[in-house]
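S.K.: I would like to see how this sequence folds:
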Amino acid sequence: MFQRIWKERAVVVRMALTDFRSRYAGTALGALWAFVQPIVTLLVYVFVFSVGFRSAPVTGVPYVLWLFCAMVPWFFFSDVLTGATDSLRQYAHLIRKTPFDPYLLPAIRAGGALPAHGVFWGLLLIAAAISGQRAGIFWLQSLYYSFCALALSLGLGVLFCALSPFFKDISQTVGILLQVGFWLTPLAWSPQIMSETVQKLLRLNPVYYIVQGYRDSFLTPLWVWERPGWTAYFWGVTALVWILAQGVFKRLRPQFADAL
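M.R.: Okay, the predicted model is just below:
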């Protein structure tokens, strides 16, 4: 799959840009909608937890920045996962009527999520600087964790998109899983309020590694190799996801056109 994507990278990039623009074609705000919904979501959580629950700074860091560090990779992860999951159904006309390689479709949808993520990453840099965080090479380490989010979400997206022509409820199921995952990661609340046993269970969620990595990059700071156990676990889980995803995709691929 990776070889095919690399070989057709020009097609993937071109179609990813088209996909990003077409999502909001005909709307009043156009591509701005890619940023409006995440920003509103962030403001709602800031209001609820900062004003409603009066959340104090976490480890000496303003709560808004602490939350923003988690939401940037989460928005990217969820956008890639939902987009890749729906990719076969979104481009069903290509599968039914042309000899288009379906392996490219999840990557195209994932590429369509990159522009918004790039903007939010830039906003996070500005927010960290305004909040008084000392700029350094640690901040660039967050790009590695963005790659981690892309690798995991795209692998899951490939798996779910392969199943989507045969199970019509996959998209709704993924939406529910993301809602549950939001609160179990955790993003808006600190795991330090829980017991050590619960914290260990929370770390089994591979997205926890990504979110904590962003906070390590901007707030702690802490290098990625200072968490070797977490890193090995994350890439082990991600590798298993890809092995399963490619096996399922390859097995079901001949039936895509009929199922769609």
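
S.K.: ok now do residue 215, which residues does it touch?
M.R.: 66, 69, 70 (C-beta atoms under 8 Å, 6 or more residues apart in numbering). Where C-beta positions appear, they are placed from N, C-alpha and C, glycine not excepted.

S.K.: didn't the last one look like it was pressed against residue 208?
M.R.: No. Under the criterion of C-beta atoms under 8 Å, residue 70 is not in contact with residue 208, lying 9.9 Å apart.

S.K.: okay, and the common contacts of those two?
M.R.: Residues touching both residue 70 and residue 208 by C-beta under 8 Å, 6+ apart: residue 185.

S.K.: what segments of the stretch 51-200 of the chain are helices?
M.R.: 63-85, 87-90, 92-97, 104-111, 114-130, 142-163, 170-184, 196-202 (DSSP state H, counting those that start in this stretch).

S.K.: with residue 10 as the reference, name the closest of those helices.
M.R.: Smallest distance to residue 10 across those (C-beta to C-beta): 11.1 Å, for helix 104-111.

S.K.: where's residue 37 relative to residue 192, distance?
M.R.: Applying C-beta to C-beta, to the nearest Å, the value for residue 37 to residue 192 is 30 Å.

S.K.: which residue is nearest the centroid of this structure?
M.R.: residue 77 (0.6 Å; C-alpha atoms, centre = their mean).

S.K.: check contacts around that residue.
M.R.: 149, 152, 153, 207, 210.

S.K.: after the helix or strand hosting residue 243 comes which helix or strand?
M.R.: Using DSSP states H and E, residue 243 maps to helix 228-252. Note on helix 228-252: by DSSP H and E, the next helix or strand toward the C-terminus is helix 256-259.

S.K.: didn't residue 133 look like it was pressed against residue 126?
M.R.: No. Contact criterion C-beta under 8 Å: residue 133 and residue 126 do not qualify, at 10.8 Å.
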